[in-house]
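>>> Provided below are the primary sequence and the corresponding predicted coordinates.
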There are 2 protein chains.
Amino acid sequence: MTRSALPARGRPRGRPRAGTAGDRREQILAAATDEFAELGYDAASMRSIARRSDVDPALVHHYFDSKADLFTAAIGAPIRPDQMIAQIMAGPRDEIGRRIVRYLLTTLDEPDTGKSAVALLRAALGNKAMTPLLAQFLSREVFARIARELGTPDAELRANLLAPQVVGVLITRYVLKLEPIAQASPDELVARIAPVLQFHLVGYPNPGPIVP
Amino acid sequence: MTRSALPARGRPRGRPRAGTAGDRREQILAAATDEFAELGYDAASMRSIARRSDVDPALVHHYFDSKADLFTAAIGAPIRPDQMIAQIMAGPRDEIGRRIVRYLLTTLDEPDTGKSAVALLRAALGNKAMTPLLAQFLSREVFARIARELGTPDAELRANLLAPQVVGVLITRYVLKLEPIAQASPDELVARIAPVLQFHLVGYPNPGPIVP
């Protein structure tokens, strides 16, 4: 796998870029991009990325609070799915579906964020080297976490069943722009999609009437 | 839009390719590829494609029974969604979800068909010119048909809500190969996904217990 497995990075998010500090952050990101492309998400490590970028491991941890943070910065992802999941799992269990859909639509309906997400989705699906890398990241940082929280025997399958519905909504609304889904209000989509996510996760016996 | 908007075609499906007959079929497909790329799906016509390929319109109809047939042959699609929909809508309404999932998995778990479908999905999502063309085809030949059959006021949205769940399953199982969805048995996936499609289409109040 070569470095071209990863798409060009966007602008670093919300951190100053002055002088050598910014340079060192860029240096770490470049090393991380190589490391993830060569080893995949699971085998890559913050320590090894520090070695590659010739900086102290403490500096890597100063700029990036986790491997997930470093990975999402390296691929230019507009949201951090690992953080999103932490927020989503924090509330009442019978509203997980609503929180997931609401969070994604609120974030991605914002034009800049939406554009980055579409570029990333296209890259992830169009580039054969990028696809398994993203799948590994999602498995490890998103679905395995949800499965641990659920704790049921079929939790792994249940957590992963979120992916088709969520990926599908993102692709039809933001990439294919299929009407009327592309123009549907967030409330309408929450009403239509949340019960499905709820069903996948906890087998909610009755998703209730559709009331946007 | 240029001809490169469409991916290279696969081998023509199940028709003889001997002498000038095969050549004329290829000639029609090449003209169709140009026509769809230039005009989009809705504005393209069998008559105009006949003119472009310099053959009699009757010959186009001899090789291809509809614009949908010509389009799927031109993009090398392994299944004809318009035919699939006709079959699926024919049975009992409360089993539409099961029939859709069963049909897709049975067809795409077959290695050759699956590979073509993945190539096509990657092309459709990775190529900015191809994306709206596929979306137009799906709207016209798949979702508008289902919506007409449903006949409820929100039928258009309901029919289109199939797309995210179906596209998502195809991408996670066949492109991302996310486990355990990639290895799940067709029966397991029918049990998990069919109630969701049923909910999207007819708002089935109770998707029932999950019994693979």
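The structure has been received and is ready for your questions.

>>> okay, now residue A:33: neighbour count?
Residue A:33: 23 surrounding residues under other C-beta atoms under 10 Å in any protein chain shown. The way it works is simple: take the backbone N, C-alpha and C, and place the C-beta from them, glycine included.

>>> that one against residue A:76, yeah?
No. Using C-beta atoms under 8 Å, residue A:33 is not in contact with residue A:76, being 10.2 Å away.

>>> assign residue A:77 to helix, strand or coil.
Secondary structure assignment for residue A:77 (DSSP: H, G, I helix; E, B strand; the rest coil): coil.

>>> which stretches of chain A aren't confidently modelled?
Applying pLDDT under 70 to chain A flags residues A:1-19, A:204-212.

>>> which neighbouring elements make contact with the strand or helix carrying residue A:191?
Assigned by DSSP states H and E, residue A:191 falls within helix A:186-202. On a contact count with 3 or more C-beta pairs under 8 Å, 6 or more residues apart in numbering or on different chains; DSSP states H and E, helix A:186-202 meets helix A:96-108, helix A:144-150, helix A:155-160, helix A:162-170, helix B:186-202.

>>> pick the most deeply packed of the ones you listed.
Among those, helix A:162-170 has the highest mean neighbour count (mean count of other C-beta atoms under 10 Å in any protein chain shown), at a mean of 24.

>>> tell me who's in contact with the most centrally placed residue in chain A.
The centre of chain A sits closest to residue A:81, judged by C-alpha atoms, centre = their mean, with a distance of 3.5 Å. Residue A:81 sits next to A:68, A:72, A:137-138, A:141-142 when contact means C-beta atoms under 8 Å, 6 or more residues apart in numbering or on different chains.

>>> how far away is it from chain B?
Remark: distance between residue A:81 and chain B (C-beta to the nearest C-beta, to the nearest Å) = 13 Å.

>>> roughly how far does that residue sit from residue A:36?
15 Å (C-beta to C-beta, to the nearest Å).

>>> related to what we said a few turns ago, what's the angle between the helix holding residue A:191 and helix A:96-108?
Relative orientation of helix A:186-202 versus helix A:96-108 (axes from the mean of the first three to the mean of the last three C-alpha atoms, to 10 degrees): 140 degrees.

>>> and helix A:186-202, how far from the chain's centre?
Centre-to-centre, helix A:186-202 and its host chain are 19 Å apart (C-alpha atoms, centre = their mean, to the nearest Å).

>>> and the contacts of that helix?
Helix A:186-202 has contacts (C-beta under 8 Å, 6+ apart) with A:93-94, A:96-98, A:100-102, A:105-106, A:109, A:146, A:150, A:158-159, A:161-162, A:165-166, A:169, A:173, A:181, A:184, A:204, A:207-208, A:210-212, B:157, B:161, B:164-165, B:192, B:195-196, B:199-200, B:207.

>>> got the CA positions of stretch A:172-189 in PDB?
Taking C-alpha atoms only, stretch A:172-189 is exported to PDB below (Å, rounded to 0.1, in the frame of the first residue of the first chain):
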ATOM      1  CA  THR A 172     -28.400   8.900  -1.100                       C
ATOM      2  CA  ARG A 173     -28.800  12.300   0.500                       C
ATOM      3  CA  TYR A 174     -25.300  13.800   0.000                       C
ATOM      4  CA  VAL A 175     -23.700  11.800  -2.900                       C
ATOM      5  CA  LEU A 176     -26.500  10.500  -5.200                       C
ATOM      6  CA  LYS A 177     -28.700  13.400  -4.100                       C
ATOM      7  CA  LEU A 178     -31.800  11.200  -4.700                       C
ATOM      8  CA  GLU A 179     -35.000  13.100  -4.300                       C
ATOM      9  CA  PRO A 180     -37.100  13.400  -2.100                       C
ATOM     10  CA  ILE A 181     -34.400  12.200   0.400                       C
ATOM     11  CA  ALA A 182     -31.900  15.000  -0.600                       C
ATOM     12  CA  GLN A 183     -34.500  17.700   0.200                       C
ATOM     13  CA  ALA A 184     -36.300  16.000   3.100                       C
ATOM     14  CA  SER A 185     -36.200  18.000   6.400                       C
ATOM     15  CA  PRO A 186     -34.100  16.600   9.200                       C
ATOM     16  CA  ASP A 187     -37.300  16.100  11.300                       C
ATOM     17  CA  GLU A 188     -38.800  14.000   8.500                       C
ATOM     18  CA  LEU A 189     -35.700  11.800   8.200                       C
END
